[in-house]
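Enquirer: missing the sequence, but the structure's below:
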């Protein structure tokens, strides 16, 4: 973890802590959207949607481009890579657990005779 | 993304959006700590530290065990794996960008004669 990125990480994780904002990012991963289009699937006002978009912009997850009179939002994946980098420090813990679980299951498989083997023994 | 995990993800990302809580998790990755030990490096009261620990517990990132009269906190990495899973959907975007950058650099390398080649030409 790079310490000077701390407040940037605060903003990114905060932006991700809301299901509407996560759904907006998912839609932006397919293509660019206007704020109006982003608001559409949710039962919310344009003002409420705009507030969510602003939180995403503050976290640098969304870039707004002005095309004539339309504001178009695009996904900026870089902060997600930074969040992922922070999380990866902990990968050894869950990876370790999965390895242990896999080893246990394999040991169990080896100790249990298969159906064919059982039949042969009869 | 598993939809029914949505509120769990809310809690996890919210817990991670604070530098004190991230630092607490980092310390817990080394060994278990009491709430008092977790509070120590920060200029904060035991009550304030306890509030942070409660946020981490709500996100299931910390498990508190009672040993006699002492409460010991341990790291639970599973929710971090779930957050990582959510982020990995976007890996294609930042991975794609890095691939493009790498391809550009390689193309540049191929186009630029090496020092040895330059000497041979003289």
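Expert: Received, thanks. The structure presented is a predicted model; accordingly, all values stated were derived computationally and were not measured.

Enquirer: so which bits of chain A are right by chain B?
Expert: A:1, A:6-7, A:9-14, A:16-19, A:22, A:25-26, A:29, A:75, A:77-78, A:80-81, A:83-84, A:86-91, A:93-94, A:97 (Cβ under 8 Å from any Cβ of the partner chain). C-beta coordinates here come from the backbone N, C-alpha and C atoms, glycine included.

Enquirer: can we see that at 7 Å?
Expert: Within chain A, the positions adjacent to chain B are A:6, A:10, A:13-14, A:16-19, A:29, A:75, A:77-78, A:80-81, A:83-84, A:87, A:90, A:93-94 by Cβ under 7 Å from any Cβ of the partner chain.

Enquirer: show me what residue A:73 is bridged to.
Expert: Beta bridges link residue A:73 to residue A:33, residue A:64 when assigned by DSSP bridges.

Enquirer: residue A:16: what's it in contact with?
Expert: Counting by Cβ atoms under 7 Å, 6 or more residues apart in numbering or on different chains, residue A:16 touches A:22, B:13.

Enquirer: and the strands in chain A?
Expert: Counting by DSSP state E, chain A has strands at residues A:33-34, A:62-67, A:70-75.

Enquirer: pull the residues that contact the last one.
Expert: Counting by Cβ under 7 Å, 6+ apart, the neighbours of strand A:70-75 from elsewhere in the structure are A:25, A:28-29, A:32-35, A:38, A:53, A:62-65, B:93.

Enquirer: pLDDT weak spots in chain A?
Expert: Applying pLDDT under 70 to chain A flags residues A:1-5, A:96-105, A:112-122.

Enquirer: just the buried members of the residues of chain A next to chain B?
Expert: Among the residues of chain A next to chain B, those classed as buried by 16 or more other Cβ atoms under 10 Å in any protein chain shown are A:10, A:13-14, A:16-18, A:75, A:77, A:80-81, A:83-84, A:87, A:90, A:93-94.

Enquirer: residue A:56 against residue A:63, yeah?
Expert: No. Applying Cβ atoms under 7 Å, one finds residue A:56 not in contact with residue A:63, separated by 9.6 Å.

Enquirer: need the contact list for the closest residue to residue A:10 other than its chain neighbours.
Expert: Nearest residue to residue A:10 in three dimensions, chain neighbours excluded: residue B:17, at 5.3 Å (Cβ to Cβ, 6 or more residues apart in numbering or on different chains). Neighbouring residues of residue B:17 by Cβ under 7 Å, 6+ apart: A:10, A:13, A:14, A:17.

Enquirer: how about 6 Å then?
Expert: Applying Cβ atoms under 6 Å, 6 or more residues apart in numbering or on different chains to residue B:17 gives the contacts A:10, A:13, A:14.
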